[in-house]
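# sharing a sequence plus its predicted fold:
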Amino acid sequence: MTDKELDFTVFCIENIAERLGKNGVEIYELLIPKIDTIAQNEIIKQVDLLLQLNIELQAATLPEKTEQIKSRIEYCEEKIDELVYALYGLTEEEIGILEK
């Protein structure tokens, strides 16, 4: 998302909040799901691992090692996707639309 798109999104959310007689924080709370500590820790763990793997990928010199790290990165990204889909309670159909 570009800065311009982000600014427009924030503008829209704040406009909606104003029309509903709410403040922006109340609207953001509706859009961002509550997350339990276990799920939050798992997402943090996977993101930390993903960051570490990307550092390792930059340092890798052997083609076999590079492919192994890329495979682990792909798995980690898929795991993060699954956690986020579960967080938002997405159906298989909604996930299919997102992954197109």
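Noted; the coordinates are in hand. Residues are numbered from 1 along each chain as shown.
# what residues of the longest helix along the chain count as buried?
In the chain, assigned by DSSP state H, the helix with the most residues is helix 63-88. By 16 or more other C-beta atoms under 10 Å, the buried positions in helix 63-88 come out as 69, 72-73, 76, 79-80, 83, 85, 87. No exception for glycine: its C-beta is placed from N, CA and C like everyone else's.
# now the farthest one out in this structure, which residue is it?
residue 62 (30.4 Å; C-alpha atoms, centre = their mean).
# surely residue 76 meets residue 46?
Yes - between residue 76 and residue 46 there is a contact under C-beta atoms under 8 Å: 5.6 Å.
# which elements pack onto the longest helix of the chain?
Applying 3 or more C-beta pairs under 8 Å, 6 or more residues apart in numbering; DSSP states H and E, one finds that helix 63-88 makes contact with helix 37-59, helix 92-98.
# out of those, which one sits most buried?
Comparing the helices and strands packed on helix 63-88 by mean neighbour count (mean count of other C-beta atoms under 10 Å), helix 37-59 comes out on top with a mean of 13.
# give the rounded mean pLDDT of that helix.
Helix 37-59 carries an average pLDDT of 95.
# low-confidence stretches in this structure?
The model of the chain has pLDDT under 70 over residues 1.
# which of the buried residues of helix 63-88 sits closest to residue 32?
Closest approach between the buried residues of helix 63-88 and residue 32, by C-beta to C-beta: residue 87, at 9.7 Å.
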